[in-house]
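# Task: produce atomic coordinates for the following.
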Amino acid sequence: MQDGKDTIYSQPQQITEFCFDHSVAEVFPDMIQRSVPGYSTIIDTIGQICARYAQPQTNIYDLGCSLGAVSLAASKYIQRENCQILAIDNSQAMVQRCKLHVQSYKSATPINVICDDIQNIDLKNACCVVMNFTLQFIPPEQRLDIIQKIYSGLNSGGVLVLSEKLSHDTELGNDLLIDLHHEFKRRNGYSELEISQKRSALEDVMRTETFEQHKERLKQVGFSDVVRWFTCFNFASMVAIKGK
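Here you go, the predicted model:
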C-alpha cells in the first residue's frame, strides 16, 4: 500500500483546525517522518520496550494508534504467549488505513484495531500502554483523568510509554527549540508557507506542556518512576513505571 507525499499546506489557503481526516491519513507516514525528529528511532524503541514489559495473557494498548506503527513494531518484538495488542484511534480515516497496514503484516502477536475514543475504552489487564504523540491532542483538563484510568488498568510492574512535543519552561529556551524544529522541517523540504500554515492549524488543537508538568501528573496518579529515554529539540518520550 502506497502513501503519498505531504503537500497539504503547500498552497495558500483558509486555515482550519488540524484534524486526522482522509487527506492526513493518506500522507501521514511522510508527514510524521519529516516533522518529528527521531521518529523511526522512537517507534523501534517503543517496540522493544513493549517486548521488555510484555507478559503472557495480558494486553498492550496503543492509544491513538494512527496507522499502527507502534503496534506493528511491538508485534515484531513480542515473544509472549497469548499477548494481544489493542490499537485504538477515534479517526475513522486512520483506522481504515491502519487495518490495511496490519492485514499486510503477519505476526504471532495479534493486533486488534478499534475505532473509538480512548476515553470510552475500559483498560484492563494491561502490561503496557502507549500514547505516542496522543495526549497533546487531548484537552488539558481531561488529561489527569485519562492518566489515572491508564494507571488503574495497568498490572503491577506495567508501564506507560508517553511521547509528547514539549514546551520549555523559559521563553528564550522555548524559542530556541521551536527554531531548531522549524529548521529541521526546512531541511526535510517544507517551505516557510507550509511551516507557518501547519503551525496555525495546530495552534488550538495541540496544547503542549513541559516535561515537569507531565512528570508531576504521572507521579500524582501513582507511577513510581518516570524515565525520559528520548529527547530531540522539543520532542521527547518517557516511560512511567507502575511499582510492583
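# drop to CA atoms for contacts and neighbour counts, all remaining ones
Fine.
# Three-state assignment for L218, please.
helix (DSSP: H, G, I helix; E, B strand; the rest coil).
# which residues sit in contact with it?
Applying C-alpha atoms under 8 Å, 6 or more residues apart in numbering, we find L218 in contact with 147, 226, 240.
# Using CSV, write out every CA atom in stretch 124-142.
C-alpha atoms of stretch 124-142 as CSV (Å, rounded to 0.1, in the frame of the first residue of the first chain):
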residue,chain,number,x,y,z
LYS,A,124,-7.8,-3.9,31.9
ASN,A,125,-5.0,-6.5,32.4
ALA,A,126,-2.5,-4.2,30.7
CYS,A,127,1.2,-4.8,30.8
CYS,A,128,2.0,-1.8,28.6
VAL,A,129,0.1,1.2,27.4
VAL,A,130,1.5,3.5,24.7
MET,A,131,0.4,7.1,23.9
ASN,A,132,2.7,8.1,21.1
PHE,A,133,2.1,11.8,20.5
THR,A,134,-1.5,11.4,21.5
LEU,A,135,-2.0,13.1,24.9
GLN,A,136,-1.0,16.5,23.4
PHE,A,137,-4.3,16.5,21.3
ILE,A,138,-6.5,15.9,24.4
PRO,A,139,-7.8,19.0,26.2
PRO,A,140,-5.5,19.6,29.2
GLU,A,141,-8.4,19.5,31.7
GLN,A,142,-9.1,15.9,30.7
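# What residues sit buried inside it?
124-137 (16 or more other C-alpha atoms under 10 Å).
# How about the contacts made by the residue nearest to L67 when sequence neighbours are not counted?
Spatially, and ignoring its direct neighbours in sequence, L67 is nearest to C98 (4.1 Å; C-alpha to C-alpha, 6 or more residues apart in numbering). C98 sits next to 66-68, 113 when contact means C-alpha under 8 Å, 6+ apart.
# Tell me which stretches of the protein form helices.
Using DSSP state H, the helices of the chain run over 22-35, 39-53, 69-77, 92-103, 140-153, 171-187, 192-202, 211-221.
# Thank you, goodbye.
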